[in-house]
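**Student:** I would like the atomic coordinates for the input below:
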Amino acid sequence: MLTTACSYIYKTYKKKMERVGEQVIRNKQVIFKDYISGLPKESDFLVKNENTTTLKLPEGSEAILVKNLYLSVDPYMRLLMQKFNTGGIFTPYQLSSALEGYGVSKILESTHPKYKKGELVWGPTKWEEYSILSNTQRLFKIEHTDIPLSLYTGILGMPGLTAYGAFFKVCSPKKGDCVFVSSAFGAVGQLVGQFAKHMGCYVVGSAGCDQKVNMLKSKFGFDEAFNYKEEPDLDAALKRYFPEGIDIYFENVGGKMLDIVLLNMKFEGRIAVCGMVSQYNNVDNFEGVKNLMHLVFKAIRMEGLQVYQYYHLYPKMLEFMLPLVRQKKINYVEEIVEGLEKAPTSLVGLFDGNNYGKQVIQVARDL
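**Tutor:** Take a look at the predicted model:
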């Protein structure tokens, strides 16, 4: 009896010590409070430090536990903040849960055969310090660490792959093409303009302030750029910069901008629809486009896109991009904000024009 009792006490103590070894820690999170309409506000989110995460994965799972290092702040996230059925891949955020987006993370524990402890990855994660990721199909291993890790939220991550796939596969650029990029100072637009210049195209971009306009020309090498807010007549502005018409339009804005661009497209022009930021806060009353018949008149090809369509191109994109990055033949502006508690401010700033280039949240310094 004594032996049995001692054995039971020992097993109980051992299990308790194993649970202690799992280490339960606080996990700061950015919580989505409620579905919103109109412009997002900082009060729509809650930064919580009370939730906890166990730093050990359950046996038999195929998941990874990661420490998030950098989080990507992207305009598309606004679409997930409303109870809106897109009929596509966009699924609204879950209420009272951490926001989700793209990020750069270090693997702390893994029960997945493809991923090992200590490896770095980029892809979908949650806006929190530590995440358990069970859906690993959209993750990419980071094998080139001579590049700043923050760039895997931008030029070497989702925005870079979007720009690469959409421009080269949808737009089919040729030397001498006339290219217009709206919201050209954004994370995708600034890359598309530079890709077009590398192809020998004539490139014009639009932005919302004079400082961004000047940087498009001085830093990114655009041939021309204009402040759309200061143009009383967008049609006249486009005719000024494209007297013979536009071959390629990289669409990031939508609404009135798209309507006017259609009037100025050339025959057999190509339009890649990456986003329509002017409509993201207006899903209950999308702005109509009147000039769609020009798709027929001019045999224009207009195609929407999602980055997932180009995942298979990532190795080819790296082969193209890494030499340009290392040789500093391509420029990229990112604005890094330190601290998860500042994430709501950065996210809201995307929609009031206060952002400059790629917005990044630095969650942790150490690897």
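**Student:** how is this protein partitioned into domains?
**Tutor:** Here the domain parsing of the chain from automatic domain parsing is 64-130+149-154+332-367, 173-310.
**Student:** starting at the chain centroid, how far to the last one?
**Tutor:** What that stands for is domain 173-310. Here the centre of domain 173-310 is set off from its chain's centre by 19 Å, with C-alpha atoms, centre = their mean, to the nearest Å.
**Student:** let me see the mean pLDDT of that domain.
**Tutor:** Domain 173-310 comes out with an average pLDDT of 94.
**Student:** end to end on that domain, go ahead and measure it.
**Tutor:** Start-to-end span of domain 173-310 (C-alpha to C-alpha, to the nearest Å) is 17 Å.
**Student:** just to revisit the earlier point, closest one to K316 among the domains of the chain?
**Tutor:** Closest approach to K316 among those is made by domain 173-310 (9.4 Å; C-beta to C-beta). (C-beta placed from N, C-alpha, C; glycine too.)
**Student:** avg pLDDT for stretch 96-116?
**Tutor:** Stretch 96-116 shows a mean pLDDT of 95.
**Student:** would CSV of the domains of the chain with mean neighbour count and distance to N51 be doable?
**Tutor:** Converted to CSV, the domains of the chain look like this (neighbours: other C-beta atoms under 10 Å; distance: least, C-beta to C-beta, whole Å):
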stretch, mean neighbour count, distance to N51
domain 64-130+149-154+332-367, 18, 8
domain 173-310, 19, 28
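**Student:** of those domains, which is nearest K56?
**Tutor:** Nearest of these (C-beta to C-beta): domain 64-130+149-154+332-367, 6.1 Å.
**Student:** please save the CA atoms from stretch 275-291 in PDB.
**Tutor:** Provided in PDB are the C-alpha atoms of stretch 275-291 (Å, rounded to 0.1, in the frame of the first residue of the first chain):
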ATOM      1  CA  GLY A 275      -7.100  47.100 -54.700                       C
ATOM      2  CA  MET A 276      -9.600  49.900 -54.500                       C
ATOM      3  CA  VAL A 277      -8.700  51.700 -51.300                       C
ATOM      4  CA  SER A 278     -11.200  54.500 -52.000                       C
ATOM      5  CA  GLN A 279     -14.000  51.900 -51.500                       C
ATOM      6  CA  TYR A 280     -12.800  50.000 -48.400                       C
ATOM      7  CA  ASN A 281     -14.700  52.200 -46.000                       C
ATOM      8  CA  ASN A 282     -17.800  52.300 -48.100                       C
ATOM      9  CA  VAL A 283     -18.800  48.600 -48.700                       C
ATOM     10  CA  ASP A 284     -22.500  49.400 -48.100                       C
ATOM     11  CA  ASN A 285     -22.600  51.900 -50.900                       C
ATOM     12  CA  PHE A 286     -19.800  51.200 -53.500                       C
ATOM     13  CA  GLU A 287     -19.200  54.000 -55.900                       C
ATOM     14  CA  GLY A 288     -20.400  53.200 -59.400                       C
ATOM     15  CA  VAL A 289     -18.200  53.200 -62.500                       C
ATOM     16  CA  LYS A 290     -19.900  54.500 -65.600                       C
ATOM     17  CA  ASN A 291     -17.300  54.000 -68.300                       C
END
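**Student:** neighbouring contacts of it?
**Tutor:** Stretch 275-291 is contacted by residues 37-40, 75-76, 78-79, 82, 84, 183, 188, 251-260, 262-263, 351 when judged by C-beta atoms under 8 Å, 6 or more residues apart in numbering.
**Student:** re the thing from before, export the domains of the chain to JSON lines and tack on distance to E143?
**Tutor:** Below are these laid out as JSON lines (distance: least, C-beta to C-beta, whole Å):
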{"stretch": "domain 64-130+149-154+332-367", "distance to E143": "8"}
{"stretch": "domain 173-310", "distance to E143": "19"}
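**Student:** quick one: closest of those to V24.
**Tutor:** Here domain 64-130+149-154+332-367 is closest among the domains of the chain (C-beta to C-beta), at 10.9 Å.
**Student:** so how far is that closest one from its chain's centroid?
**Tutor:** How far domain 64-130+149-154+332-367 lies from its chain's middle: 8 Å, per C-alpha atoms, centre = their mean.
**Student:** list the contacts of the most centrally placed residue in the chain.
**Tutor:** Nearest to the mean C-alpha position of the chain, by C-alpha atoms, centre = their mean, lies D74 at 4.4 Å. Contact partners of D74, counting by C-beta under 8 Å, 6+ apart, are 101-102, 158-159, 187, 350, 359.
**Student:** so how far is F220 from it?
**Tutor:** Taking C-beta to C-beta, to the nearest Å as the measure, D74 falls 19 Å from F220.
**Student:** just Y332 next, same as before
**Tutor:** Counting by C-beta to C-beta, the gap from Y332 to F220 is 9 Å.
**Student:** likewise S72?
**Tutor:** As judged by C-beta to C-beta, S72 and F220 stand 20 Å apart.
**Student:** quick one: the strands in the stretch 151-300 of the chain?
**Tutor:** Remark: strands assigned in the stretch 151-300 of the chain by DSSP state E, counting those that start in this stretch are 178-181, 202-207, 224-227, 246-251, 265-273.
**Student:** out of those, which is closest to F297?
**Tutor:** strand 265-273 (8.6 Å).
**Student:** paired strands for the closest one, with orientation please.
**Tutor:** strand 246-251 (parallel), strand 301-304 (parallel) (DSSP bridges).
**Student:** contacts for that strand, please.
**Tutor:** Residues contacting strand 265-273 (C-beta under 8 Å, 6+ apart): 166-167, 170-172, 178, 244-251, 254, 261, 294, 298-305.
**Student:** JSON lines please, covering the contacts of D74 and showing distance to Q327.
**Tutor:** Formatted as JSON lines, the contacts of D74 follow (distance: C-beta to C-beta, whole Å):
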{"residue": "G101", "distance to Q327": "30"}
{"residue": "Y102", "distance to Q327": "26"}
{"residue": "M158", "distance to Q327": "23"}
{"residue": "P159", "distance to Q327": "20"}
{"residue": "A187", "distance to Q327": "21"}
{"residue": "L350", "distance to Q327": "30"}
{"residue": "Q359", "distance to Q327": "26"}
